[in-house]
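Requesting a structural model of the entry that follows:
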Amino acid sequence: MSLAELRLSHVIAGFVAVLVGYAGSVAIIYQATLAAGATPEQASSWMLVLGLACGISSIYLSLRHRLPVLTAWSTPGAALLVVALPGVPLDEAIGAFVVCGLLLLATGLTGWFEALNARIPDALANAMLAGVLFRFGVEAFGALSIDPIYAGAMIALYVLARRFAARFAVPLLLVFGLGFAVATGAFDLGAWGGVAIAKPVFVMPVFDVSVLISIAIPLYLVTMSSQNMAGVSVLRGAGYRAPVSSTLNVTGLLTTLLAPFGCFAINFAAITAAICANEEAGETPKTRYWAPVFGGFLYILFGIFGAAVIGLFLAAPKVFVAVLAGLALLPTIAASLSAALTANYEREAALVTFLTTVSGISFLGIASPVWGLLFGALVFALAKKT
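All right, here's what the predicted structure looks like:
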């Protein structure tokens with residue numbers, strides 16, 4: 001490990017990953033705090049500990065394993081909380097967060113999840129990754145119907161940059177998109193309440209069996225199926241062996257310890273991890289771990305200014321975030337689809353995995369990526385027997 005390995009591409013990738021992560025989910029987390037009946041101070045505490053947990057775990061895991069391991073909060077989990085928390089006392093909701101953290105920690109300590117992932121064929125893992133990322137590519141071009149000038153200019157710049165300055169395509173896109181938004185007044189600065197430092201607010205957890213069944217277990221399941229499974233596939237698709245149990249141990253422990261302050265679930269990042277692990281993050285795969293390390297410091301900084309961050313990201317133009325995320329992930333989508341469909345005997349199973357994941361189906365609290373792997377594995381097993 002040496003700071004001499006740090007490159008501008010690592011800094012840009014870490015910045016874009018954290019920017020996209022916040023912009024894509026901060027509104028959902030804010031809604032979850034409202035559903036929990038949290039005060040503004042408690043809402044800021046949630047953002048503080050989520051940022052600290054993601055920052056500490058990203059920095060520690062990336063430096064320890066020399067791999068681009070970016071962590072994140074469970075965005076599907078936050079969406080679940082928006083629906084499930086109304087009417088639930090805040091202290092009982094906190095109790096559910098603690099139990100979810102313990103379940104994540106137990107998963108890492110037993111090692112069963114890592115063993116399961118090792119048995120998944122690479123073609124199916126890549127197909128699932130492509131399916132998870134696919135909607136972001138679609139939304140990037142779908143933004144043309146919302147603001148054809150803004151989105152069209154960003155897309156045109158990206159295409160030209162990939163042709164003449166591929167290494168700087170995403171940085172140029174980021175600078176241009178922000179500059180365009182500021183110049184045209186697209187940032188709704190009226191939604192920003194100014195700078196304020198967040199403070200941790202402790203809530204003593206209360207454990208109610210019915211709440212644990214209705215919130216803790218679904219929160220754990222959706223985090224494992226929608227986030228951790230996809231996050232492992234992102235690293236596999238980029239050519240890395242994910243430190244599965246180690247990451248679950250760290251994220252589970254941090255979730256448990258920080259749950260009384262509002263940390264509901266920390267896990268492998270999925271979408272944003274791809275930004276730190278692909279070729280845009282650096283020419284040398286062995287040094288890309290610096291991208292999530294830099295992203296980790298940003299997580300911590302953004303967490304400290306939790307209330308201000310909520311206001312800023314709610315004010316950011318949705319078109320900017322959608323186009324930036326989608327175009328930054330295009331190389332990963334292309335590489336995943338190519339790897340998934342290369343071998344003839346795996347192609348049909350990979351296609352089933354991809355289409356099931358894209359469909360967005362959800363049964364029994366299990367998200368489409370897991371169903372995609374299950375259906376694809378079934379087709380794969382039948383193909384091998386014939």
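
Now do the buried residues in stretch 55-69.
55-63, 65, 67-69 (16 or more other C-beta atoms under 10 Å). Backbone N, C-alpha and C define where each C-beta goes, glycine included.

who touches that stretch?
Here stretch 55-69 makes contact (C-beta atoms under 8 Å, 6 or more residues apart in numbering) with 1, 70-71, 235, 238, 240-243, 246-247, 250-251, 254, 266, 268, 273, 276-277, 281, 286, 288-293, 295-300, 303.

what about the helices in the stretch 251-386 of the chain?
Ranges of helices within the stretch 251-386 of the chain are 271-277, 290-304, 306-315, 318-328, 330-340, 344-359, 368-385, based on DSSP state H, counting those that start in this stretch.

Those: which one's closest to Y150?
Comparing these by their distance to Y150 (C-beta to C-beta), the top pick is helix 318-328, with 5.3 Å.

Can you name every helix or strand that the closest one contacts?
helix 8-35, helix 122-142, helix 148-164, helix 169-184 (3 or more C-beta pairs under 8 Å, 6 or more residues apart in numbering; DSSP states H and E).

Mind checking those for the one nearest to A343?
Among these, the nearest to A343 by C-beta to C-beta is helix 122-142 (6.2 Å).

which parts of that closest one are buried?
Quick answer for helix 122-142 (16+ other C-beta under 10 Å): 122-134, 136-137, 139-140.

for stretch 87-105, same thing?
88, 90, 92-105.

Tabulate the helices and strands packed on helix 318-328 (TSV), appending distance to S336.
Compiled in TSV, those are given as follows (distance: least, C-beta to C-beta, whole Å):
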stretch	distance to S336
helix 8-35	17
helix 122-142	4
helix 148-164	18
helix 169-184	18
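
who's in contact with S74?
By C-beta under 8 Å, 6+ apart, the contact set of S74 is L219, V222, T223, S226, Q227, F264, A265, I266, N267.

er, A339 actually
Counting by C-beta under 8 Å, 6+ apart, A339 touches D122, A123, N126, G237.

which pair in the residues you listed spans the largest distance?
Among these, A123 and G237 lie farthest apart (C-beta to C-beta), at 10.6 Å.

Columns distance to L34 on top of the buried residues of stretch 55-69, output as TSV?
Output for the buried residues of stretch 55-69, formatted as TSV (distance: C-beta to C-beta, whole Å):
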residue	distance to L34
G55	25
I56	27
S57	26
S58	27
I59	31
Y60	32
L61	32
S62	33
L63	36
H65	37
L67	37
P68	34
V69	32
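
Need these in CSV (columns: pLDDT, distance to T39 and secondary structure).
Formatted as CSV, those follow (pLDDT from 0 to 100; distance: C-beta to C-beta, whole Å; DSSP: H, G, I helix; E, B strand; the rest coil):
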residue, pLDDT, distance to T39, secondary structure
G55, 96, 24, helix
I56, 97, 25, helix
S57, 96, 27, helix
S58, 96, 29, helix
I59, 96, 30, helix
Y60, 97, 31, helix
L61, 96, 33, helix
S62, 95, 34, helix
L63, 94, 36, helix
H65, 94, 39, helix
L67, 93, 39, coil
P68, 93, 37, coil
V69, 94, 34, coil
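
Of those, which is the nearest to P260?
Among the buried residues of stretch 55-69, I56 lies closest to P260 (C-beta to C-beta), at 16.7 Å.

Could you check how far the closest one is from L48?
If you measure I56 against L48 using C-beta to C-beta, to the nearest Å, the figure is 12 Å.

what do you get for N126?
When N126 is compared with L48 (using C-beta to C-beta), they lie 36 Å apart.

same thing with T272?
19 Å.

likewise T284?
Plainly put, T284 is 34 Å away from L48 if you go by C-beta to C-beta.

In stretch 250-264, which residues are buried?
Neighbour-count burial for stretch 250-264 [16+ other C-beta under 10 Å]: 250-256, 258-264.

okay, how far is it across that stretch, tip to tip?
14 Å (C-alpha to C-alpha, to the nearest Å).

avg pLDDT for that stretch?
Across stretch 250-264, pLDDT averages out at 96.

about what we covered before: lowest-confidence stretch among the helices of the stretch 251-386 of the chain?
helix 306-315 (a mean of 70).

L221 versus I213, what's the distance?
From I213 to L221 the distance is 12 Å (C-beta to C-beta).

coming back round to it: T284 and L48: who's more crowded?
L48 (27 against 11; other C-beta atoms under 10 Å).

what's the closest non-adjacent residue to the residue nearest the centre of the chain?
Central residue of the chain (C-alpha atoms, centre = their mean): A269, 3.8 Å from the mean position. Closest residue in space to A269, ignoring its immediate chain neighbours: A72 at 3.8 Å, by C-beta to C-beta, 6 or more residues apart in numbering.

ok, residues contacting the strand or helix carrying that neighbour?
For A72, the host element (DSSP states H and E) is strand 71-73. Strand 71-73 is contacted from outside by 21, 25, 29, 50, 53-54, 57-58, 61, 227, 247, 250-251, 263-270, 272-273, using C-beta under 8 Å, 6+ apart.
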